[in-house]
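Peer 1: Would you be able to build a 3D model of this:
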Amino acid sequence: MDKLLKYPAVCAALGSAAAYYSFPLVRAAIPLWPRLFYAFIIILMIPVCLFRVLEFRPWSRAAVAVTAGICLGMAAAAPEPFSLGLPPEAVVAVSGELRDDPRAFVDGRGMGSLVLSGVTGKGGLWASAKGKIAVFFPAEAIPRLKDFGRGAELYLEGSVLFGDQGPLFRAKGVHIVKAAPRIEQFRTRIRMGILEKLVGRDGQAEKGWGGLAAALLLGVRDNLDTDVAAAFRDAGCSHILALSGMHLAILSAVIAFFLRKPLGLKAAALAGGVLITAYVYLAGAQPSLVRSAVMYLLGVLAILANLKPRPGLLLALAFLVQIIIQPASGASLSFILSYLALGGILVIGEGVHEFLKGRLPGFLSSGISASLGAFLATAAVTALFFGVLRPVGIFAGLLIMPLATVFMIGSLGVLALNFTFPFLAGPPVFALDLLFRFQNFLVSLAARAPGLSISRSLPVLCITLVVSAFFYFVSEKYRAKRNYLAPFN
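Peer 2: Residues are numbered from 1 along each chain as shown. I've put the predicted structure just below:
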């Protein structure tokens, strides 16, 4: 507890998370939430003042941090304003700006999101609109939308639908009214150039590795074979395909390898921060990727200030920053799983590693500890959303993740050769394809292991809490014993 109270940012992050995910339920159940909110703040501040009087300053700082986190979480949980301006059944067209890069499905159709500026109703009636709406695009429009890219102004003919996540728009006719800003056009040209080198202009990869490379480098799964994606999922390794900390760790390691010696630690860290920011802009602000980038940039600031970066503190600060700059992303599954997984690695995984220390080789105990910590932390959420758990991923990841790391570095090397000396890319491409086939074999082998079908997530939550508590208390016991015996060694 003392370690936790040393860092008010951790307390603020916990309070913010609790408020963010509980506030929508409270607001729906209690219409008088504003009065209750202010009453809660006043009541919570009373012990804060008492703690100040009694000089219990660590508890006082923690209470103030939790209070501030609750305020931030409730503010971030407020729904984004949304208005069609007309009855949904009367809307025949919408107009607005393409918010993100359109994603293509297996059948050629695609999906994206539109920031609304106006709607057209039956009889030519027009009204202004605001908010963001998900859009389903017809197959023939996807190539054109990818060429124009994010930021283009669109006029879409179709109809409004309502799904579990809110209103949707099914477009039948797509008209590009205005091209994207120049910086967005430049970004789109770079993305399309990279994808062309990996999967070809027509979107069909000349080699099986191209679709996987596009997924690992840019997060574009449009050209990834569906059987490969399904195998990663069934092997419990689908997180490898989601742009996150692993991918940024590889990029930052490559950057450090080339820049640290000629520039020095601080200059290399600063240059790495600039390059990582540019990469996130190029790949798109996916929640798990933004989390990793924010942590990296906070680590760079710590290095520049001659401070030691602490992963737990960086994770808490990243949550607070991201919930401010991307409040809506907190509701996405990738956001939740990303923070839970890393939190599990740092908290539960540390306890597991302490328990396994000396019982297994170091590299093996570290890998199992991280995998098991992430699995335990995310198990309840995974069971809730997917109804199945894949424990095989704990062990399969020990082989597949290093191979994916080598594959990603090799893909970067082949990509660099394709842009500079394409005549030299033949042998590396051949080696990369062999690596892809071997990795795919291992993933397919692990995918044969049966998963655990889960009908209710609450028992999973209880079991994972008990197991996590066991590892924590046992590891604390071993740590205390080693600290006690250390002076006599």
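
Peer 1: now L398: how far from L356?
Peer 2: Separation of L398 from L356 (Cβ to Cβ, to the nearest Å): 13 Å. No exception for glycine: its C-beta is placed from N, CA and C like everyone else's.

Peer 1: Please compare these two by neighbour count and tell me which comes out ahead.
Peer 2: L356 (19 against 16; other Cβ atoms under 10 Å).

Peer 1: Could you pull up the contacting residues of the more buried one?
Peer 2: 365, 368-369 (Cβ atoms under 8 Å, 6 or more residues apart in numbering).

Peer 1: give me that answer again for 10 Å
Peer 2: Taking Cβ atoms under 10 Å, 6 or more residues apart in numbering, we find L356 in contact with 362, 364-366, 368-369, 372, 471, 475.

Peer 1: any residues in contact with both of L398 and L356?
Peer 2: The contact sets of L398 and L356 overlap at 364, 366, 368 (Cβ under 10 Å, 6+ apart).

Peer 1: Look at the first one and tell me its secondary structure.
Peer 2: In the three-state summary, L364 is assigned as helix, counting by DSSP: H, G, I helix; E, B strand; the rest coil.

Peer 1: So the residue lying closest to it once chain neighbours are set aside versus A446, what's the distance?
Peer 2: Across the structure, with Cβ to Cβ, 6 or more residues apart in numbering as the measure, the residue nearest L364 apart from its sequence neighbours is L398 (7.5 Å). Separation of L398 from A446 (Cβ to Cβ) stands at 10 Å.

Peer 1: Over to A285?
Peer 2: Counting by Cβ to Cβ - A285 and A446 are separated by 31 Å.

Peer 1: if we can go back for a sec, including distance to Y7 and neighbour count, could the contacts of L356 go into TSV?
Peer 2: Formatted as TSV, the entries for the contacts of L356 read as follows, by distance: Cβ to Cβ, whole Å; neighbours: other Cβ atoms under 10 Å:
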residue	distance to Y7	neighbour count
G362	28	11
L364	31	12
S365	27	18
S366	24	17
I368	28	19
S369	23	23
L372	25	24
F471	22	23
S475	20	19
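
Peer 1: L452: which of the residues you listed is nearest?
Peer 2: Closest to L452 out of these is L372 (15.2 Å), distances taken as Cβ to Cβ.

Peer 1: Contact partners for that closest one?
Peer 2: For L372, the contacting residues are 344-345, 348-349, 351-353, 356, 391, 394-395, 467-468, 471, by Cβ under 10 Å, 6+ apart.

Peer 1: ranges for the helices of the stretch 151-300 of the chain?
Peer 2: Using DSSP state H, counting those that start in this stretch, the helices assigned to the stretch 151-300 of the chain run over residues 182-199, 209-218, 226-234, 245-263, 265-283, 287-304.

Peer 1: no no, the stretch 351-489 of the chain
Peer 2: Assigned helices in the stretch 351-489 of the chain, in chain order: 362-386, 392-420, 426-447, 458-485 (criterion: DSSP H, counting those that start in this stretch).

Peer 1: who wins for proximity to D147 among the ones you listed?
Peer 2: Nearest of these to D147, taken as Cβ to Cβ: helix 392-420 at 19.9 Å.

Peer 1: residues touching A180, list them.
Peer 2: Contact criterion Cβ under 10 Å, 6+ apart gives 97-98, 148-153, 186-188 as the residues in contact with A180.

Peer 1: Now do the phi/psi pair for it.
Peer 2: phi -70, psi 160 (degrees, to the nearest 10).

Peer 1: Tell me the confidence at it?
Peer 2: In the prediction, the pLDDT value recorded for A180 is 92.

Peer 1: Count residues in the vicinity of the closest residue to it other than its chain neighbours, would you?
Peer 2: Once flanking residues are discounted, A180 sits nearest to G151: 3.2 Å by Cβ to Cβ, 6+ apart. For G151, the count of nearby residues is 20 (other Cβ under 10 Å).

Peer 1: Contacts only, for the residue nearest to L216 when sequence neighbours are not counted.
Peer 2: Spatial nearest neighbour of L216, excluding adjacent residues (Cβ to Cβ, 6+ apart): M408 at 4.9 Å. Each residue near M408 by Cβ under 10 Å, 6+ apart is listed here: 212-213, 216-217, 240, 246-247, 250-251, 254.
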